[in-house]
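Enquirer: Mind folding the following:
(chains A, B and C)
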Amino acid sequence: MAPALRDLQKAFAAQLLGSGITIDTALPVAGDSISAAARLRVHRHHVLTSLSKALAGTYVTVERLVGEDYFKGLARSFITNELPEGPVLAEYGAAFPAFLERHPVVGQLPYLPDVARLDWALNMAFYSPTGSRLTRDHLARIPVDDLPLQCIELAAGTTLICSAYPLDRIWAATQPDAAEEPVDIGAAGVRLLVFRRPDDAGFVVLEEGEAALVAALHSSSTLEQAAVAATAANPDFDLSTAFSRVLGLGVLLHCSKDGSVTG
Amino acid sequence: MSTGRMAIAAALAAALALPATAQAQGSMEKCFGVAKAGKNDCQTDHSSCAGTSKTDGQTDAWISVPKGVCQKIVGGKLTSS
Amino acid sequence: MRAVAGIGLRAQHLDQVVRERPAIGFLEIHAENYLLPSPALASVENLRVDYPFSIHAVGLSLGSAEGLDEHHLERVATLVRRLQPNLVSDHLSWSVVGGRYLNDLLPLPYTEEALDVVARNVDRVQSALGRQLSIENPSCYLAFAHSTLSEPEFLAELARRTGCGLLLDANNVHVTAHNLRLDPNAWLETLPGAAITQYHLAGYAVNDADGEPILIDDHGSPVREAVWSLFGRMLHRFGPRPTLIEWDTDIPGLPVLLAEAAQAQAVLRQGEERGARAA
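Expert: Numbering: from 1, shown residues only, chains lettered A, B, ... in the order given. Below you'll find the model as predicted:
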């Protein structure tokens, strides 16, 4: 009795992701001098390899740190537990940093999950819209007394990453033109701001006050609320220099009156 | 810093008057970019309809030890957790 | 319109193509790489001003018994509206089961049930896009024992029922014929020429399976001699169509792709001239 297509497809998926190819009557694959198992293995190999490559393409820095072969092992473990929800592979792998947190590799490379968060943030920033950003000129046209009331948002794809490790130096060490000196993970941690730029994505290192302002903008709506929250978190916070820098990075948007966001 | 509205307004106005610095503190790191064709640029073509050919010696055994740039990342500190 | 040759537009060539604007008949992109905003999408929109585009989807999963991912379909439809391509295509295969995506073009049994499923999904896509979808013949590594139709019969009936186009990939015909022990010429005989909208040409690799050669459609090398011959027979039988050079693995420099496209263009011209003389 021929299997229903739905059952055949479930059985096929199980062969691709299980521990190996097995005989399954719900999957009547014809075999000749090349066995059914060998034929199924072609698909099994492709699914695992291509998804592993997709993860490596997103988690570039993680792969450079652990090497290609070790990364394939991490990827394979991740993939068999979690397949993509859709065919847009740029959206695949959000749970990889959390997966690394639970993985034994973190005993040897405790900074690895943070590196993965950076890779993911750069990925998200790359796939974010550009559009006009808030500038000094925009704000200069507003009466000074109204400045605190301005509704301000962070542009889509802007992420603040606070790490106990020198993440920027770890990242720099993986670049093709990197210096040979070792990076000491005992050095001070950093706060990085990751964001979309016109032609790519990038990040900068923020001062504590700047990071406090960005964090406050994430959950406030007006500049006044953000300034109050940042000061509460960081009493030495200097609003002028912090705001000047964050504004200059081009990551801010003006909310318009109807709630939609404009630059 | 005073968090009264007038103080905030003054600080924001002062911010607008500051010269736009070329990120004097912290580095602007370039990562992605279609401009870096062929130079370890980040892969953006995840999807294709190509199959995967097995390369020579490819087995299903993955190595158990990380062996990349992590060898340059040294030292450590007492973890608080 | 004269049939022209095109190339697959790959991320590593984007910047160069934007700068140099090479002479090429059309550019093809994989839809799923361009469904999110990005600098790459901005470059593609820039190029669309100067080049016709073909959109080749890989993730519609037309053979899924559980039906289509409507969210994905909507995003593809948005891209199609934005780019106004000459052609939109996907594959005779499936990739989704249980709402999860397997990132491979998985094979279908060629049964009446599968035909109903694919036809229903193709109807839905054409309705959502408001235009014809072309279906590519797959590269097969296995066949199901309970298939009742041949692959060309399946494609012909699908085109008849839905009005879809057929994207005829010469490399896939060659790979399938080898792996399933079929005669590629007999395979071509049953195909309805009028439904064919585009040709694809690509390279394949030879792997070992149980001590025997199995061909893998890896799009990772120049078009092989046997595939150029098959292409010639296709032109003779069905006539010229826009023809794409597809290279997705070990991608060479742009000049190599353009040279292969020029070769395809020359073969198309010869075919047209022969056809004109015969008429």
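Enquirer: ok but C:Val206 is inside a strand, no?
Expert: Yes: per DSSP: H, G, I helix; E, B strand; the rest coil, C:Val206 lies within a strand segment.
Enquirer: for whichever strand or helix holds A:Asp69, packing partners?
Expert: Using DSSP states H and E, A:Asp69 sits within helix A:68-81. Using 3 or more Cβ pairs under 8 Å, 6 or more residues apart in numbering or on different chains; DSSP states H and E as the contact test, the elements touching helix A:68-81 are helix A:36-58, helix A:60-66, helix A:96-101. In this view, the C-beta of every residue, glycine as well, is placed from N, C-alpha and C.
Enquirer: As CSV, could you dump the C-alpha coordinates of it?
Expert: C-alpha atoms of helix A:68-81 as CSV (Å, rounded to 0.1, in the frame of the first residue of the first chain):
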residue,chain,number,x,y,z
GLU,A,68,36.2,25.0,10.5
ASP,A,69,36.1,21.4,11.7
TYR,A,70,35.1,22.1,15.3
PHE,A,71,32.4,24.6,14.1
LYS,A,72,30.9,21.8,11.9
GLY,A,73,30.4,19.7,15.0
LEU,A,74,28.8,22.6,16.9
ALA,A,75,26.6,23.3,13.9
ARG,A,76,25.6,19.7,13.4
SER,A,77,24.5,19.5,17.1
PHE,A,78,22.5,22.7,16.8
ILE,A,79,20.9,21.8,13.5
THR,A,80,19.6,18.4,14.6
ASN,A,81,17.9,20.1,17.5
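Enquirer: Let me see the mean pLDDT of it.
Expert: The pLDDT scores in helix A:68-81 average 95.
Enquirer: Of the helices and strands packed on helix A:68-81, flag the one that's most buried.
Expert: Greatest average neighbour count among the helices and strands packed on helix A:68-81 goes to helix A:60-66 (a mean of 25), per mean count of other Cβ atoms under 10 Å in any protein chain shown.
Enquirer: what's next to that helix, contact-wise?
Expert: Contact with helix A:60-66 is made by A:56, A:71, A:74, A:96, A:100, A:105, A:109, A:112, A:115-116, A:118-119, A:170-171, A:174, B:31, B:40, B:42-43, B:66-70, B:73, as judged by Cβ atoms under 8 Å, 6 or more residues apart in numbering or on different chains.
Enquirer: just checking, which of the residues you listed belong to strands?
Expert: B:Ile73 (DSSP state E).
Enquirer: In ChimeraX, select just the buried ones from the contacts of helix A:60-66.
Expert: Selection of buried members from the contacts of helix A:60-66 for ChimeraX, criterion 16 or more other Cβ atoms under 10 Å in any protein chain shown:
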select /A:56,71,74,96,100,105,109,112,115,116,118,119,170,171,174 /B:31,42,43,66,68,69,70,73
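Enquirer: Which of the contacts of helix A:60-66 fall in helices?
Expert: If you go by DSSP state H, the contacts of helix A:60-66 have A:56, A:71, A:74, A:96, A:100, A:105, A:112, A:115-116, A:118-119, A:170-171 in helices.
Enquirer: Would you convert these into CSV that also reports distance to A:Asp200?
Expert: Formatted as CSV, the ones in helices among the contacts of helix A:60-66 follow (distance: Cβ to Cβ, whole Å):
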residue, distance to A:Asp200
A:Ala56, 19
A:Phe71, 23
A:Leu74, 26
A:Phe96, 21
A:Leu100, 25
A:Val105, 29
A:Leu112, 24
A:Val115, 19
A:Ala116, 20
A:Leu118, 15
A:Asp119, 14
A:Ile170, 20
A:Trp171, 15
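Enquirer: What are the buried residues along the host helix or strand of C:Val256?
Expert: C:Val256 belongs to helix C:254-278 when elements are defined using DSSP H and E. For helix C:254-278, the neighbour count (16+ other Cβ under 10 Å) marks C:Leu254, C:Leu257, C:Leu258, C:Glu260, C:Ala261, C:Gln263, C:Ala264, C:Gln265, C:Val267, C:Leu268, C:Gly271 as buried.
Enquirer: if we take these, which one ends up nearest to C:Gly239?
Expert: Using Cβ to Cβ, C:Gly271 comes nearest to C:Gly239 of the buried residues of helix C:254-278, at 7.4 Å.
Enquirer: who's in contact with that closest one?
Expert: Going by Cβ under 8 Å, 6+ apart, C:Gly271 touches C:Gly232, C:Leu235, C:His236, C:Gly239, C:Pro240.
Enquirer: if I look at it, how far off is C:Trp187?
Expert: Applying Cβ to Cβ, to the nearest Å, the value for C:Gly271 to C:Trp187 is 20 Å.
Enquirer: Lowest mean pLDDT among the helices and strands of the chain, which one is it?
Expert: Unless you meant another one, I'm taking chain A. Ranked by mean pLDDT, DSSP states H and E, the helix or strand of chain A with the weakest confidence is strand A:261-262, at a mean of 44.
Enquirer: you looked at the wrong chain, it should be chain B
Expert: Using mean pLDDT, DSSP H and E, the weakest-scoring helix or strand in chain B turns out to be strand B:29-30, at a mean of 58.
Enquirer: Not counting sequence-adjacent ones, nearest residue to the residue nearest in space to the middle of chain C?
Expert: Residue closest to the average C-alpha location in chain C (Cα atoms, centre = their mean): C:Glu136, at 4.6 Å. Leaving aside its sequence neighbours, C:Glu136 sits nearest to C:Leu167 (Cβ to Cβ, 6 or more residues apart in numbering or on different chains; 4.0 Å).
Enquirer: Check the secondary structure at the one you found for me.
Expert: Three-state call for C:Leu167 (three-state DSSP): strand.
Enquirer: Wait, it touches C:Ser134, no?
Expert: Yes: between C:Leu167 and C:Ser134 there is a contact at 4.4 Å, judged by Cβ atoms under 8 Å.
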